[in-house]
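K.L.:
here are the coordinates; sequence isn't available:
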DNA sequence: GATGAGCGT
């Protein structure tokens, strides 16, 4: 009947008078500080191996090495590329001869430009050793032990 | 591949 319509009208008429609503929101604090202890810690322990991200997809191993060689003796420099497409994944690794050089490399190259991109250099995490045929056999057997 | 966070065939 007409009562329904009246109720709706009443509800619509109960518009918030300016002031109260803003007060409620102003007192509410956003969860800016997460109580979770699993915050990602600053990445890296010192190592001669460096992880370089933010690379341009045109940057190659030589470009990477050339940029980091100015701060130390680069033993190895590699841009990680997709195995099938061959395109760069946009990050790579640089290995220095000493930790001092690695430190100098980070301080010298982190936040710098390379091929038009800002790159980030940090210590690389230890990697899973899974290169096959490291000692001839990775399954415990070897041809010298097998008859 | 269109400027995109990440830890390596």
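P.N.:
Received it, and whenever you're ready, just let me know what you need. The shown structure was predicted, so the numbers you read here are calculated from the model rather than taken from an experiment.
K.L.:
Just give me the neighbour total for residue A:104.
P.N.:
16 (other C-beta atoms under 10 Å). Yep, even glycine has a C-beta here, placed from its N, CA and C like the rest.
K.L.:
element containing it?
P.N.:
helix A:99-109 (DSSP states H and E).
K.L.:
same thing with residue A:64?
P.N.:
helix A:61-68.
K.L.:
and that helix, average pLDDT?
P.N.:
Averaged over helix A:61-68, pLDDT sits at 96.
K.L.:
So which residues on chain A come close to DNA strand B?
P.N.:
A:43-44, A:49, A:51, A:53-58, A:76, A:78, A:80-83, A:85, A:87-91, A:93, A:95, A:116-117, A:122-125, A:127-128, A:131 (C-beta under 7 Å from any atom of the strand).
K.L.:
Mind doing that once more with 6 Å?
P.N.:
When proximity is defined as C-beta under 6 Å from any atom of the strand, chain A approaches DNA strand B at A:43-44, A:49, A:51, A:53-57, A:78, A:80, A:83, A:85, A:87, A:89-91, A:93, A:116-117, A:122, A:124-125, A:127, A:131.
K.L.:
Three-state assignment for the residue in chain A positioned nearest to DNA strand B, please.
P.N.:
Of all residues in chain A, residue A:90 sits closest to DNA strand B, with a separation of 1.3 Å (C-beta to the nearest atom of the strand). Put simply, residue A:90 is strand when judged by DSSP: H, G, I helix; E, B strand; the rest coil.
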